[in-house]
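Student: Next one to model:
(chains A, B, C and D)
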There are 2 protein chains.
Amino acid sequence: MKTTKEELVEQFRISSIQDAAIRVIARKGLSAASMQEIATEAGIAKGTIYLYFENQQDLLERSVDDALSELLRKLTLALESAGEFRDRFALLVRTKVEFFDSNHDLFRVYLAIKHPEALDQDSRRCSYRERPQHKIYHEKLLRFIEEGITGGEIKQMKPSRVALFLEEGVVAVILQRLAEDSSPQASEDVDWIVDLILHGISKPC
Amino acid sequence: MKTTKEELVEQFRISSIQDAAIRVIARKGLSAASMQEIATEAGIAKGTIYLYFENQQDLLERSVDDALSELLRKLTLALESAGEFRDRFALLVRTKVEFFDSNHDLFRVYLAIKHPEALDQDSRRCSYRERPQHKIYHEKLLRFIEEGITGGEIKQMKPSRVALFLEEGVVAVILQRLAEDSSPQASEDVDWIVDLILHGISKPC
DNA sequence: CGCGCCACCGACCGATCGGTCATTTTATTG
DNA sequence: CAATAAAATGACCGATCGGTCGGTGGCGCG
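Tutor: Model (predicted):
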């Protein structure tokens, strides 16, 4: 019983430190997030962090991982939904847009780690693409796209390219929503991006 | 005469330092590019850099600016070309793909500075989006898209969203080409991305 | 109530960075 | 060739960072 209570306190501490880390990363960027600033943001001393995390890399890695695992969980759920291809596709896009729309800090973090090619050489290994949860999601996404191809819904093309195109397209929409003073309803933008990816920008034939 | 010769030497020095800076940025990332490593990469002493650049920000800013101004020049030229909308559109995409395809280092730099939202707070002001040359290009790009709309080539939608969607789509293709062991010819991928943006992933109706 | 333990703290350390400047090396000129 | 100017150098400085550790204060247990 007691151990459970202490573990609860420990989990609360860990979570509050990770939350502070995410806020600092979103504010200062990944490479400029110092342990001192994270500690201050969490309202504790710097040394305390090292009671719960091995070092800076451990803290940043686990903070980002845990924060984005919630997104991956929702996306995986969306992929497992039933229904028409287009509806499932729209649900996928909607899930991502709404997640970041209600969590701007995490979108900053997501942008910072999305492209391993742009990271410091030493940080590339801790890319979230290497995480098992992301690999599972990505596998399912590829199979979903293959279903769309074999089902005659979309053209014959490399699923991995469609996946990346989808990912970047959604990022583009969220970037726009962040830049605009007043964005339209999320559902409007979701419909827009789904239509754009499915049918392009050309006038219907 | 003599001043011209000295200016030539000075320009050569500046260029070689900037080239070294770009290589180091591509290798280590923007925030981890140290003055010492850039100096070593250029084959000179650290102090020498300060004979030609005010400080680190000045060096990094001018290096990135000059390197990407070549891309902006080519893109602006592509926008000013004559011909059918679709051909001009394809030329625009082709220009960007081929530029980065023959200059991987610059693509790394481009990725690192493309999203001001993901940069350190202090570095956001030196975003290349703020540069006059980029603003001019972006204005012309928006007008090009508006022409496509008024000309009935593409649907009625916000030009700025189409622009961002285009930009992200091209980035997606180049990312794929970098990740793949052997990529198809650039022209193949250009045709693919143009068709995708224009008509989407759906089967033709 | 008082004692002991442990989470917590923050001053401290070594390493590293951007930036400076006295010194050395190179180039120019009479 | 020597004298002078100019350019290049790298040891050095202060600041900042990640990480450590001896001290301390508050909480629980006897």
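
Student: In space, not sequence, find me the middle residue of chain A.
Tutor: For chain A, the residue nearest the mean C-alpha position is residue A:68 (4.8 Å; Cα atoms, centre = their mean).

Student: which SS class is that one?
Tutor: At residue A:68 the chain is in helix, as set by DSSP: H, G, I helix; E, B strand; the rest coil.

Student: What of residue A:81?
Tutor: coil.

Student: Near DNA strand D, which residues of chain A are found?
Tutor: Selection of chain A residues close to DNA strand D by Cβ under 7 Å from any atom of the strand yields A:2, A:33-36, A:46-47, A:50, A:55-57. Bear in mind the C-beta positions are built from the backbone N, C-alpha and C, glycine included.

Student: Separate out the buried members of those.
Tutor: Buried members of these, counted by 16 or more other Cβ atoms under 10 Å in any protein chain shown: A:33, A:35.

Student: Same list, the residues of chain A next to DNA strand D, but only the ones touching DNA strand C.
Tutor: Answer for the residues of chain A next to DNA strand D near DNA strand C (Cβ under 7 Å from any atom of the strand): A:46-47, A:50.

Student: from those residues, which single one is nearest residue A:203?
Tutor: Relative to residue A:203, the closest of those is residue A:46; by Cβ to Cβ it sits at 59.1 Å.

Student: Secondary structure element holding the nearest residue to the closest one once chain neighbours are set aside?
Tutor: Distance criterion Cβ to Cβ, 6 or more residues apart in numbering or on different chains; nearest residue to residue A:46, sequence neighbours excluded, is residue A:39 at 4.4 Å. Using DSSP states H and E, residue A:39 sits in helix A:35-42.

Student: same check, this time on residue A:136
Tutor: helix A:132-150.

Student: Could you list every helix and strand in contact with that helix?
Tutor: Under the contact definition 3 or more Cβ pairs under 8 Å, 6 or more residues apart in numbering or on different chains; DSSP states H and E, helix A:132-150 sits against helix A:56-79, helix A:85-101, helix A:159-179.

Student: Least confident of the residues of chain A next to DNA strand D?
Tutor: By pLDDT, residue A:2 ranks lowest within those, coming in at 44.

Student: longest single helix anywhere in chain A?
Tutor: Identified as the longest helix of chain A according to DSSP state H is helix A:2-28.

Student: Which elements pack onto it?
Tutor: Counting contacts by 3+ Cβ pairs under 8 Å, 6+ apart, helix A:2-28 packs against helix A:35-42, helix A:46-52, helix A:56-79, helix A:104-114.

Student: Residue A:18 is nearest to which of the ones you listed?
Tutor: Residue A:18 sits nearest to helix A:56-79 of all the helices and strands packed on helix A:2-28, at 4.1 Å, using Cβ to Cβ.

Student: Dump that closest one to CSV, restricted to CA.
Tutor: Extracted as CSV, the C-alpha positions of helix A:56-79 are listed here (Å, rounded to 0.1, in the frame of the first residue of the first chain):
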residue,chain,number,x,y,z
GLN,A,56,19.5,15.8,-19.8
GLN,A,57,19.1,13.5,-22.7
ASP,A,58,17.1,11.1,-20.6
LEU,A,59,14.8,13.9,-19.5
LEU,A,60,14.3,15.5,-22.9
GLU,A,61,13.8,12.1,-24.6
ARG,A,62,11.3,10.7,-22.1
SER,A,63,9.4,14.0,-22.0
VAL,A,64,9.0,14.2,-25.8
ASP,A,65,8.3,10.5,-26.0
ASP,A,66,5.6,10.5,-23.4
ALA,A,67,4.0,13.6,-24.7
LEU,A,68,3.7,12.4,-28.3
SER,A,69,2.7,8.8,-27.3
GLU,A,70,-0.7,10.2,-26.6
LEU,A,71,-0.9,11.4,-30.2
LEU,A,72,0.3,8.1,-31.5
ARG,A,73,-2.3,6.3,-29.5
LYS,A,74,-5.1,8.4,-30.9
LEU,A,75,-3.8,8.1,-34.4
THR,A,76,-3.5,4.3,-34.1
LEU,A,77,-7.1,4.2,-32.9
ALA,A,78,-8.2,6.3,-35.8
LEU,A,79,-6.5,3.8,-38.2
